[in-house]
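Chemist: what follows is a protein structure lacking sequence information:
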């Protein structure tokens with residue numbers, strides 16, 4: 001699977017948010033009645049914008065199951081995308097193997113996440129975020145789309161009993177709020193990113209943003225299914241001196257795809 005193939009004509013854009021809201025406050029686990037009310041409000045708000053359905057997926061490594069609220073009408077998303085000056089496709093609206101593989105990795109390495117500030121770039125529907133919150137990470141989930149962030153909040157609350165703090169970002173022009181937070185904590189110990197490299201124009205900005213937000217001794221966990229853009233990103237990181245360790249996950253994935261997902265741990269160049 002390479003990309004969403006639901007382009008109609010030349011429409012393949014997301015509407016750029018008119019404003020950049022401040023991150024939500026981190027939420028503690030929510031008691032049952034409050035949780036159900038919050039889920040109902042989130043679902044109602046999303047239903048005014050999207051046709052929705054529930055989908056249950058299984059994580060192949062851990063065996064856990066998540067039930068996700070997902071868009072069922074991608075045409076609506078494409079219709080809303082016509083005016084986006086960033087020409088951003090709604091990749092976030094799919095459940096990708098890389099997000100599932102990265103969720104399993106988070107569950108397999110909880111000691112590196114528990115109680116620590118963690119940044120996710122491109123949270124999509126929240127699959128990886130559920131796992132990160134489930135093992136106790138203090139998660140800031142980011143995405144270009146405000147709809148993605150609402151779905152991430154719903155899906156994490158439903159499956160993990162918690163919501164992350166969230167922030168809309170365009171990593172080609174990252175908001176000062178994100179950079180200031182990274183500076184205040186001397187960088188995030190872990191940055192998560194699953195299936196975020198679709199276009200060559202994202203290679204340099206993404207590597208630069210990781211460099212500005214990652215702690216000196218931190219690690220980027222990057223999951224990707226072997227796209228050429230990802231290979232070029234890894235080559236650029238290697239050329240810049242980043243150290244990369246790689247393992248692979250074979251699935252099976254929720255969509256039946258047997259793609260081999262690369263799970264890369266990137267660390268900063270060693271000081272000279």
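Modeler: It's in. If you're wondering where the values come from, they're calculated on a predicted model, not measured in any experiment.

Chemist: what comes up buried for the helix or strand harbouring residue 209?
Modeler: Element membership of residue 209, judged by DSSP states H and E, is helix 203-213. For helix 203-213, the neighbour count (16 or more other C-beta atoms under 10 Å) marks 203, 206, 207, 209, 210, 213 as buried. Heads up, the C-betas are built off the backbone N, CA and C, glycines and all.

Chemist: tell me which of those is nearest to residue 137?
Modeler: Comparing these against residue 137 with C-beta to C-beta picks out residue 213 as the nearest, at 15.2 Å.

Chemist: sorry, back to before: would you reformat the buried residues of helix 203-213 as CSV and include distance to residue 148?
Modeler: Listed next are the buried residues of helix 203-213 as CSV, based on distance: C-beta to C-beta, whole Å:
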residue, distance to residue 148
203, 21
206, 17
207, 22
209, 17
210, 20
213, 19
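
Chemist: same for the very next helix or strand once past the helix holding residue 209, what does it pack against?
Modeler: For helix 203-213, the succeeding helix or strand toward the C-terminus, using DSSP H and E, is strand 214-224. Judged by 3 or more C-beta pairs under 8 Å, 6 or more residues apart in numbering; DSSP states H and E, strand 214-224 is in contact with helix 97-108, strand 188-194, helix 228-239, strand 261-267.

Chemist: for residue 162, find the nearest of the ones you listed.
Modeler: Closest to residue 162 of these, according to C-beta to C-beta: helix 97-108, at 14.0 Å.

Chemist: now do the helices in this protein.
Modeler: Under the criterion DSSP state H, the chain carries helices at the ranges 32-47, 74-80, 97-108, 127-134, 146-160, 176-184, 203-213, 228-239.

Chemist: next one: the fifth one to chain centre, how far?
Modeler: This points to helix 146-160. Counting by C-alpha atoms, centre = their mean, to the nearest Å, helix 146-160 is centred 11 Å from the centre of its parent chain.

Chemist: counting neighbours, which bits of that helix end up buried?
Modeler: The neighbour-count check on helix 146-160 (16+ other C-beta under 10 Å) flags 146-160 as buried.

Chemist: so which elements touch it?
Modeler: helix 32-47, strand 65-71, helix 127-134, strand 138-143, strand 165-168.

Chemist: looking at those, which is buried most?
Modeler: Each of those was scored by mean neighbour count; the highest is helix 127-134, a mean of 29, by mean count of other C-beta atoms under 10 Å.

Chemist: show me what that one is packed up against.
Modeler: Applying 3+ C-beta pairs under 8 Å, 6+ apart, one finds that helix 127-134 makes contact with strand 65-71, helix 97-108, strand 117-121, strand 138-143, helix 146-160, strand 188-194.

Chemist: quick one on the thing from earlier: residue 252 is nearest to which of the helices of the chain?
Modeler: Shortest distance between residue 252 and those, using C-beta to C-beta, is found for helix 97-108: 9.1 Å.

Chemist: and the angle for that closest one with strand 138-143?
Modeler: 180 degrees (axes from the mean of the first three to the mean of the last three C-alpha atoms, to 10 degrees).
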